[in-house]
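Visitor: what's the 3D shape of this:
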Amino acid sequence: MGLSIAVATGLYGISFGALSIAAGLNLWQTLALSALMFTGGSQFAFIGVISGGGAASAAFSAASLLGIRNAVYGMQIKQSLRPRTAQVPGMAQITIDESTAVSLGQAEIGEKRRGFFTAGIGVYLLWNLFTLVGALLGEKMGDPAAWGLDGAAVAAFIGLLWPRLKSMQPILIALAAAIVTALAVPVVAPGLPILLTAICAAVYAVLSARQKPAATQHGDLDRVDGE
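Guide: Numbers count the residues shown, from 1 in each chain. Model prediction:
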């Protein structure tokens with residue numbers, strides 16, 4: 001699973017490389033964004049602002065906003081994999097949507113760790129490789145969407161999501177996320193819909209956590225009354 005996700009996502013790096021050059025960045029700037037920033041949504045937001053004539057500060061702010069989700073992923077991975085202190089910097093660099101999803105989708109701790117590193121390192125290597133390819137090809141390749149590269153990452157995430165829809169609750173959450181995204185896409189900047197859906201999911205998680213203790217308490221009282 002980690003390797004298949006790495007290939008699908010890595011190929012999408014061609015699109016970023018080509019669009020970055022078209023936005024006015026040079027080869028080394030494009031490669032630096034992929035090597036150092038290494039989060040697709042933030043990178044596309046950065047070049048989107050630049051290509052629209054925005055200042056570098058505005059581009060950096062937009063990219064940083066979309067990178068907030070990686071901090072949440074980091075907390076999940078740290079709690080799940082319990083890395084040693086020396087491993088944290090390296091693991092932080094490859095904590096992205098794909099590595100987190102593959103890791104949390106496994107049941108055993110060994111498979112969680114294997115999935116995280118396979119997807120994370122695989123995406124990092126292939127993303128940077130294909131960023132270079134896309135940057136060298138530049139505008140010669142035409143519209144990256146014509147090659148189907150814009151759908152590669154989407155297809156990968158659907159493949160990750162589908163096996164987790166085993167009960168009504170995750171199905172309803174997925175439908176709600178899809179509706180929020182569809183409503184948000186026409187009215188907010190690219191990349192922000194995923195933040196809105198993440199906020200909705202966080203609110204739902206908080207409300208559910210508050211309801212569970214209350215339900216447990218009522219259940220305990222009912223048992224006491226019955227006795």
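Visitor: Show the subsequent helix or strand relative to the helix-or-strand element of the chain with minimal mean pLDDT.
Guide: Every helix and strand in the chain was compared by mean pLDDT, DSSP states H and E; the lowest is helix 152-161, with a mean of 60. Beyond helix 152-161 in the direction of the C-terminus, DSSP states H and E gives the next helix or strand as helix 168-184.
Visitor: Now do that next one: which elements does it pack against?
Guide: With contacts defined as 3 or more C-beta pairs under 8 Å, 6 or more residues apart in numbering; DSSP states H and E, helix 168-184 has these neighbours: helix 192-226. Glycine gets a C-beta too; all of them are placed from N, C-alpha and C.
Visitor: Look at the spatially most central residue of the chain and report its pLDDT.
Guide: Centroid-nearest residue in the chain: residue 97, 2.8 Å away (criterion: C-alpha atoms, centre = their mean). The score at residue 97 is 86. That number is its pLDDT.
Visitor: and the closest residue to residue 63 other than its chain neighbours, what element?
Guide: Spatial nearest neighbour of residue 63, excluding adjacent residues (C-beta to C-beta, 6 or more residues apart in numbering): residue 42 at 3.9 Å. Secondary structure assignment for residue 42, by DSSP H and E: helix 40-51.
Visitor: now whatever helix or strand comes next after that helix and helix 40-51, what's the angle there?
Guide: As assigned by DSSP H and E, the chain's next helix or strand after helix 40-51 is helix 56-66. Helix 56-66 runs at 160 degrees relative to helix 40-51, counting by axes from the mean of the first three to the mean of the last three C-alpha atoms, to 10 degrees.
Visitor: Who are the packing partners of the helix or strand where residue 9 lies?
Guide: For residue 9, the element it lies in under DSSP H and E is helix 2-11. Helix 2-11 is packed against helix 97-104, helix 109-137, helix 152-161, with contacts defined by 3+ C-beta pairs under 8 Å, 6+ apart.
Visitor: now the shortest one, how far from the chain's geometric center?
Guide: Which is helix 97-104. Offset of helix 97-104 from its chain centre (C-alpha atoms, centre = their mean, to the nearest Å): 8 Å.
Visitor: Only the C-alpha atoms, please, for that helix, written as CSV.
Guide: This file holds the C-alpha atoms of helix 97-104, laid out as CSV (Å, rounded to 0.1, in the frame of the first residue of the first chain):
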residue,chain,number,x,y,z
ASP,A,97,-1.2,13.0,4.4
GLU,A,98,0.0,9.8,2.7
SER,A,99,2.4,8.5,5.3
THR,A,100,-0.1,9.3,8.1
ALA,A,101,-3.0,7.7,6.3
VAL,A,102,-1.1,4.5,5.4
SER,A,103,0.2,4.2,9.0
LEU,A,104,-3.1,4.7,10.8
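Visitor: Perfect, I'm done here.
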